[in-house]
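when you get a sec, could you give me coordinates for this:
(6 chains)
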Amino acid sequence: MYALKSVLALLLFSTVTLTGIVAQDRYITLGWAAWDPANALVELSKDFTKETGIEMRYEFVPWPNFADRMLNELNSGGKTFDVLIGDSQWIGAGAVYGHYVKLNDFFDKEGITMDDFFDPTVYAYSTWPKGSPNYYALPAMGDALAWAYRKDWFAKPDLQKAFNDEYGYSLGVPTTWDQLYNVCKFFQGRVVDGKKRYGVAINTERGSEGITMGVTAAMYAWGFQYENPNKPYDMEGFVNSDRAVEALEFYKKIYQECTPPGHSDAYMEANLDAYKSGQVAMQMNWYAFWPGVNKDPDVGGGKSGFFANPDQKAKGATLGGQGMSVVKYSDKQDLALQYIKWFSKPEVQAKWWSLGGYSCHKSVLNDPGFVNSQVYAQGFLDSMGKVKDFWQEPTFVELMLAMQKRVHDFVVGDKGTAKQAMDKLIEDWTETFEADGKL
Amino acid sequence: MANIQLKHINKSFGSTKALKSLDLEIKHGEFFVLLGPTGAGKTTTLRIIAGLEKPDQGAVFIDDEDVTNLQPAYRDTAFVYQQYSLYPNYNVFDNLAFPLRSPIRKISQSEIQTKVQEIANLLKIDDKLRSSVTSLSGGEMQRVAIGRALIRKPNIFLMDEPLSSLDAKLREILRLELKRIQMEMEATILYVTHDQVEAMTMADNIGVLNQGMLEQVGTPAEIYNRPCSTYVASRLGSPRINLVPTSLFESEVLPPGTTTLGIRPEDILLKDNHNHPSSKQKSAMTWVDGTVSSVENLGAEIILEISVNGEEVQAIADPEKNYNAGENLELSFLTEKALHFNQDGQLI
Amino acid sequence: MSEQTIKQTSPLEPSSFSRKSAAIIIIIYCIISLIPIVWMVMTSFKSANDAVSYPPLVYFDPSLEGWVNLFTQRSRQSQEYLDSLPPPETWYEELVRSRQMVIAGPSRFLGRFTNSLIIGFGSTFLSVFLGSLAAYAFSRFRIPLKDDLLFFILSTRMFPPIAVAVPIFLMYRKLGLSDTHLGMIILYTMVNLSLAVWLLKGFMDEIPREYEEAAMVDGYTRFQAFYKIVLPQAMTGIAATAIFCMIFAWNEYAFAVLLTFSEAQTAPPFIPTIIGEGGLDWPAIASGTVMFLVPVMIFTVVLRKHLLRGITFGAVRK
Amino acid sequence: MKTWFIREIWENVASLIIILGVFMLLQPFSMLLYTYSFSLILGGTLGFVVVSHFPSNRD
Amino acid sequence: MGVLWGLWSSVISQAIGINLTDIILKNLHKSFGNFVAVQNTDLTIKNGEFFVLLGPSGCGKTTTLRMIAGLEIPTSGEILLDEEDVTFLRASQRDIAFVFQLFALYPHMNVWKNLAFPLKMQNMSASEIKTRVLEVAKLLQIEHILKSKISGLAGGDRQRVALGRAIVRRPKAFLMDEPLGTLDAEFREQMSLELKKLHERIEATTIYVTHDQIEAMTMGDKIAVMDQGKVLQYGTPDEIYSRPATKFVGSFIGSPAMNFIPIESMIQAGDTEVQVGDQKMAIPRQKTNSLSNHNYIGVRPEKLEFDDNQGIPGKVYGNEYLGNRKICTVETGFGQLKVRVAKDTSININDSVRVKFSPESAILFDGQTELALLSENQ
Amino acid sequence: MKNTLSKSQGLSDRALTWLFVTPTILLLLAVNIYPLIYAISMSFTNFYANKPGREIKFIGLKNYIRILNKEDIWETMQATAHFMFWTLLLQAIIGLGLALLLKRNFKGSDILTTLIVLPMMLSPAVVAVFWTYMYQPQSGIFNYIINYFFNFGEFTMIGDVKLAPWSIIIVDTWMWTPFTMLICLAGLKSIPNYLYEAAEVDRANTFQQFLHITLPSVLPFLLLALLFRGIENFKMFDLVVELTGGGPGSTTELASINLKREAFEKWRTGYSSAFAVIMFVTIFGLGNIWVKVMNKVKER
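Numbering: from 1, shown residues only, chains lettered A, B, ... in the order given. Modelled structure (predicted):
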């Protein structure tokens, strides 16, 4: 009996101590992914607390679980978050299923205008239906998929010579995917500074959105379109167009021939890891990471260069980035709105950029000093000018997971042909749109 | 101390009928033994009296009060089991004190102390009071178990083969002691056993159970000498009674309807060069021829298995005499010692 | 045949040669199967660089970096900023500074660990409590459809968590139980209860009924007899069951990953997400793993005698 | 008549059906077998539940 | 004579199909670590004999049996089976059969397979196995259960199957380790009778281990009484009952056991009486001196009787009726004495009585060695 | 004495039975049977749990028909089958082998048994994370050790389409072989020594003893262990999710993982409920067989 009693006592004790923790009142909880910009946001928001006395709490979820966790929270009507910095594609569901607070009235009242923000970001991060003046988020973090390369290796004369001998042109920042492939292939298995190196770290992740974000970077460069511009949801001949198939095959070629071993489930962290540890000459990743890379003790300090997504048959880059929304289930919507109001101020936006966040405010981007403020600033502007985004449907997750599976099965799983993969993708998507009543 | 009555008790477990309309009366201060083989319903009877089992029909009276629906705790009986009587989580003292500490009894600590001491002295286990029960020998365990029953002087002691798990020598000793204690305390005991020696040696009255029915009740001598059926006759006595067809001793004058004769082995007389019965006995006897088929020498006596006209008959012979298998001899019995059974095995 | 050739006392016992060779094979297997565990402990004391060095380092300078990282949140800072700070006060601050970082606060690991404890103890207590009552009833009383009920109880344990999780998620969402300690305690109690009932029924079946019947005759009610006689005797069984329930709740992942997010999240879904500076921080993960697994290992060693019954629902007893 | 309701025999039959169903569910050879596997498993399982209430031949 | 006997036994063995065998143990010794289980045992078991090893549990009787079977290896000594030294042979090489206390039937085989197993192990042809099994099943009257599972069998049937499995192979000898120990008391009696009859039919050398003295007395041609690893006495049942060689044998054999009356004087060769308390009692003329002055008179209960005038005074403590006799327990100054009297003797508890014995029935035991002292009676 | 007894009666056995059993039954009904029925009812609808306010339509057996005709799900079943087949086979062979060795009862076999059992008691998800570290193509100790003996050069266990299915089989075998071993050991120890002695005097040689005594006695135990592991591995989730996440491609995407994606990522609640029902009917069926074998083993 004593054992039982002591267990009970311990249980009671632990429950009591736990309930003691929750006490404070004037605070809001902000949810985002756990990555470098989040740390910058913490730093930035200290000013907000100073100004208003509202305490900030954070819940940063690691990327692989980010979507799962947040969508779970929204779907279960959770009150954990007051402010959510959510992916661009969630806007649809957030608006249609009422997870997000519509911000139009608030913007009008506080005199915030979306005209102050860079147009592509407003389109992508805050409107639903797309392009309509219904705002569900404030563009918070501009982002696009881009590339980093080892500037120091590219500059090595012996490598330059070898590259020139092999390909007949000089080693430099690739401007097309063909060139990109050549550079990757060149570095694959090459010994540089006494160690074996590999070509490139690209997105291959299966679980959330990784490989789709990678593959679309190629597809957009081949001029990929999701649907018939004249007939919405008509995908046949677009999604499985020859260009799309070619791009997909090209991506697979890079994966099979130019990536380090075991690079089969890689997204942001894994790509960064491979790059920072000196395994690869180039990596594909989000702009959000470049401040960190630039400061890195191993690869930072001028050793790295950055470039926007190369073009092949068309211009294009994969859109990343997030808008800042207020969760409808929150009990503290007023405090949350106060935070958004503060965040939209130009001076805060300026500091945001300086701390390593990617502001979408025109006052920051149009500032003449912006382009030279960081080495990746120009690339960012270029990229943002040509970004394209995935389906922003309310059924986004289903669409995304279908593409993840089909693309991953083909590229990494080595199953079937590219055409088959895209055909099956159309089947999956059709099923989803049908169930959703769109078709 | 109390008397106990069972009236028309019926009890079934599923499709098996354990007790069939059982009537039983146990008087105050009586040592009553229920004798029967496994499955005869002995233990069920005991459990019904204790209240651990409810009869399907019939009533249980303790001291003329109907207790059929009373919980075991309120019947004030004491139960001694074949084994597992002692609580392994308590020491000897606590085991003895356990019944006294029952919340329905409210006995003071000091009183418990004295009573336990008393009982421990009586049973010669006072030096073991602080030992854990698992360290006791089998005999000591059963003493403590009996002590725990004795300690609260219950209405009735119910004992379910308490000695059967002990070895032969220990059984002999405890048998004797249990009878002594019962006599000194004038306790009412209902004792269940399948061992006829225990029944014969301890009981004031024996009830012989057969398939849930009581065949006969009586003192050991009554039951031994006048068993009401062949079943009862063969349950008591070692070696077993000889049950032989009347044809074996043809010249006998028998009551009508007799089909089986029951003759105890000690009542078989042998006539051979070793044995000379007196002339008075001789006149009442018929002699038949037999052949010794085997000889079992138990030391104190010899058991002869004699084959007579194809029937095997057991007889007790004097160990001083020397018999051999294959030897021929004549045998007989005294008419008045024979029991006559009819076709159904009932005594005439 | 001479006497020297046979050393064993019985011809049926294995010879000392066969014993020795069996021992050697077993030891080899044991070493192989323990490599991951040993490697994990070693990694927890490596620095981040040593952890990913090639070839893998067997000799290394021990570092507490992994442990510090496990318990803290850090942020990378510029050298100028670091220089501007007052000198570090503790050894772990110093360690973090040497990596050009500062401690931003405690990590969530401790909270997740506490959650594991609360949910583990809570569900264990409940399932053992309810389980011993039910087990006693199943062991002693005639219950209509007993076998069906017992199988029903057992079958609840066998359901795939993912399959059950869908409706439970929806139910919890309605009741506001998702991501709460109470919700997880109830859930784990449900899963453990079947194990508890089956195991404890086995233990109680082994306690002869005569004990409580004697107590009942001695003047106690059935309930008092259960409390005073049966429970104390079943104590080892209860303890063993409790530890099994605890280990299950401790190790459980599927329900935890689907139904908890932060408030009530336990350690198993959390440990894989420990993030370092870009990528997985292996020494920190190893430290968390070690800290998480060591209690179970201790239980295993202590409990080895009861292991078998627990892991097979009492189907096999030693 | 009575011999038709012996639990042990029918339990074995139901077990076999279940195992066959599970095999069909998991085999890599024929999509058709896969499609009909669940009907078999369901039938076997329900059957098992029913026949386990038949009297045992040990009673 | 010897030649004749050999001839005769070989004729029998041909007829029944079982070889008859002498078993000889020479100075057999077995210890487990520090514990000596069997010491310096010499025994000869004759062809066709039913030989009983009797003793309390832990006396080494089972170990002795297992050494003969080849299931234990002796620490020292020799075992001869049919004049062949088998001391270090494995059981499978000895051709003996063993009946275990728990029967040791193979639970996963049915009765038929159990019976056929030993034959199968000898690669016997299927048809022959069939004849043999049927033959044995008929002998033991277990034909109707041949297809049954072992778990469904009653104790007696298991016993028969175990015996059948032993017989079916026609081994050189049967070794039985308390084969009736787990049966109900009533059933035991019946089975022991069957067993004895079986032995009479097949006449195979049998060594039977038991702790039950009644079983030993009724079944054994010869009995060896063991205690603490030593054979204390070896002889026919009658010899062992009436002339126990040690105090232990006296107390172990007989129910109730032999009474022992302590005497506090030396016994000298030629003594014909001893001082018991304040009276002198007649004893058989002694042939040897005792070593100590604490000795015992041993008298069987049936040799004690009540007397009005002489004998040891005491009070009746218990009076047990057994139908054909009574056992009275008398509390005396020398401890309790058990007296066996006729069933009609009228005696009551707490009666004062005197108990005496006839001189020729007394056996004296040395208090130090506990050995019986030789007298002219023996 | 009798008068001191108070007459208030305690609870009757029947009342006590219900008092003791009801909480358990109620809890299981609430947290298990209600959800189960809920799931079954949802499986006939087109319910999406992430789309509030959307009309829920009864669509009959459509979900079942779709699942049972969907090649993707058949493929996850095949992946599950491959995983089950090899893990069970390896665990049976190694587990029985170890048990036979351990039965020789050498000095220290007790401690070694405990050490061998350790992996089984650990959290599969946590262990899996650690194995991914050991499977790292360059810094992983697993690859290093294999290369030390065989020198395959650079290879990646969890990233390679051909090797990944084996990577999960290796970890599962590492973790659960002790389970089979323990149960076989229990089976071996439940064989009374006298059976071997009986076989010995019945003149069976060592091999015949193994064939006729050891094997038949231990087989039901082995079957019990394998059925249990079979059920567990059929619903395997945690270990594989953390190890490979179902990849690369869908090579290690077991049924449970696929179910999780449908239910908790795509939120096709009705569809995934049908999938869930298929899984637990299968497990319920296997569970019945398991209990049958267990009762058989218990009878020993």
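
any idea how the chain splits into domains?
Unless you meant another one, I'm taking chain A. A:2-143+A:320-388, A:145-318+A:395-435 (automatic domain parsing).

wait, chain C
If you go by automatic domain parsing, chain C breaks into C:17-63, C:71-107, C:110-309.

which of these is buried the deepest?
A comparison of the domains of chain C by mean neighbour count, using mean count of other C-beta atoms under 10 Å in any protein chain shown, puts domain C:110-309 on top with a mean of 22. Placement of C-beta: from N, CA and C, glycine included.

what about that domain, near chain B?
Yes. Domain C:110-309 lies within reach of chain B by C-beta under 8 Å from any C-beta of the partner chain, at C:208, C:210-211, C:213-222, C:224, C:229, C:232-233.

give me the residue from chain A nearest chain F.
A:Gly413 (1.3 Å; C-beta to the nearest C-beta).

brain fart, chain C
Closest point on chain C to chain F, by C-beta to the nearest C-beta, is C:Thr221, at 2.9 Å.

what's the distance between that residue and A:Ser126?
Distance, C:Thr221 to A:Ser126, using C-beta to C-beta, to the nearest Å: 71 Å.

now the residue of the stretch 101-250 of chain B found nearest chain C: closest residue in space, sequence neighbours ignored.
Taking C-beta to the nearest C-beta as the measure, the point where the stretch 101-250 of chain B comes nearest chain C is B:Ser102, at 3.2 Å. Computed as C-beta to C-beta, 6 or more residues apart in numbering or on different chains, the closest residue to B:Ser102 that is not its neighbour in sequence is C:Gly219, at 3.2 Å.

tell me the contacts of that neighbour?
Going by C-beta atoms under 8 Å, 6 or more residues apart in numbering or on different chains, C:Gly219 touches B:Ala73, B:Tyr74, B:Asp76, B:Pro99, B:Ser102, B:Pro103, B:Ile104, B:Arg105, B:Arg152, F:Leu5.

cool, A:Val364 as well?
A:Pro346, A:Gln349, A:Ala350, A:Trp352, A:Trp353, A:Phe370 are the contacts of A:Val364 under C-beta under 8 Å, 6+ apart.

residues of the helix or strand hosting it that come out buried?
Using DSSP states H and E, A:Val364 sits in helix A:362-365. Within helix A:362-365, the residues scored as buried using 16 or more other C-beta atoms under 10 Å in any protein chain shown are A:Lys362, A:Val364, A:Leu365.

center of chain C - which residue?
C:Ile247 (3.0 Å; C-alpha atoms, centre = their mean).

and the gap between the nearest residue to it once chain neighbours are set aside and A:Ala402?
Among residues not flanking C:Ile247 along the chain, C:Val296 sits closest, at 5.7 Å (C-beta to C-beta, 6+ apart). Distance, C:Val296 to A:Ala402, by C-beta to C-beta: 39 Å.

ok, E:Lys338 next?
Relative to A:Ala402, and taking C-beta to C-beta, E:Lys338 is found at 96 Å.

same question, F:Leu188
51 Å.

SS state for B:Arg240?
coil (DSSP: H, G, I helix; E, B strand; the rest coil).

spit out the contact partners of it.
So, once contact is read as C-beta under 8 Å, 6+ apart, B:Arg240 ends up touching B:Ser234, B:Pro265, B:Gln314.

let me know the pLDDT of the second one.
Right, the one you point to is B:Pro265. B:Pro265 carries a pLDDT score of 89 in this model.

just the last one next, same as before
At B:Gln314, the pLDDT value in this model is 89.

so it is in which element?
Assessed by DSSP H and E, B:Gln314 sits inside strand B:311-317.

please list the outside residues in contact with that strand.
B:239-240, B:242, B:244-245, B:248, B:263, B:265-266, B:268, B:270, B:290, B:293, B:301-307, B:323, B:331, E:324.

who's in contact with the residue nearest to E:Pro359 when sequence neighbours are not counted?
With sequence-adjacent residues excluded and distances taken as C-beta to C-beta, 6+ apart, E:Pro359 is closest to E:Ala282, at 3.7 Å. Going by C-beta under 8 Å, 6+ apart, E:Ala282 touches E:Thr272, E:Glu273, E:Pro359.

any idea which helix or strand comes after the helix or strand hosting the residue nearest to C:Ile247?
Using DSSP H and E, C:Val296 sits within helix C:282-302. Using DSSP H and E, the next helix or strand after helix C:282-302 towards the C-terminus is helix C:307-311.

check the offset of that next one from the chain's centre.
On the basis of C-alpha atoms, centre = their mean, to the nearest Å, helix C:307-311 sits 14 Å off its chain's mean C-alpha point.

can you tell if it touches chain F?
Yes. With C-beta under 8 Å from any C-beta as the criterion, chain F is reached by helix C:307-311 at C:Leu307, C:Leu308, C:Ile311.

in JSON lines: these, plus distance to chain D.
Listed next are those as JSON lines, based on distance: C-beta to the nearest C-beta, whole Å:
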{"residue": "C:Leu307", "distance to chain D": "29"}
{"residue": "C:Leu308", "distance to chain D": "25"}
{"residue": "C:Ile311", "distance to chain D": "23"}
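
ok, of those residues, which one's closest to chain A?
Nearest to chain A among the residues of helix C:307-311 next to chain F, with distances taken as C-beta to the nearest C-beta, is C:Leu307, at 18.6 Å.

isn't the closest one up against F:Thr113?
No. Judged on C-beta atoms under 8 Å, C:Leu307 makes no contact with F:Thr113 at a distance of 9.1 Å.

where does B:Leu209 sit: helix, strand or coil?
Once three-state DSSP is applied, B:Leu209 turns out strand.

check contacts around it.
By C-beta under 8 Å, 6+ apart, the contact list for B:Leu209 reads B:Leu34, B:Leu35, B:Gly36, B:Ala40, B:Gly41, B:Lys42, B:Thr45, B:Glu215.

give me the three-state assignment for the fourth one.
For B:Ala40, the reduced secondary structure class is coil; criterion used: three-state DSSP.

pLDDT at it, what is it?
85.

just the last one next, same as before
The predicted local distance difference test score for B:Glu215 is 91.

need the nearest residue in space to it, chain neighbours excluded.
Here the residue nearest B:Glu215, using C-beta to C-beta, 6+ apart, is B:Val208, at 4.6 Å.
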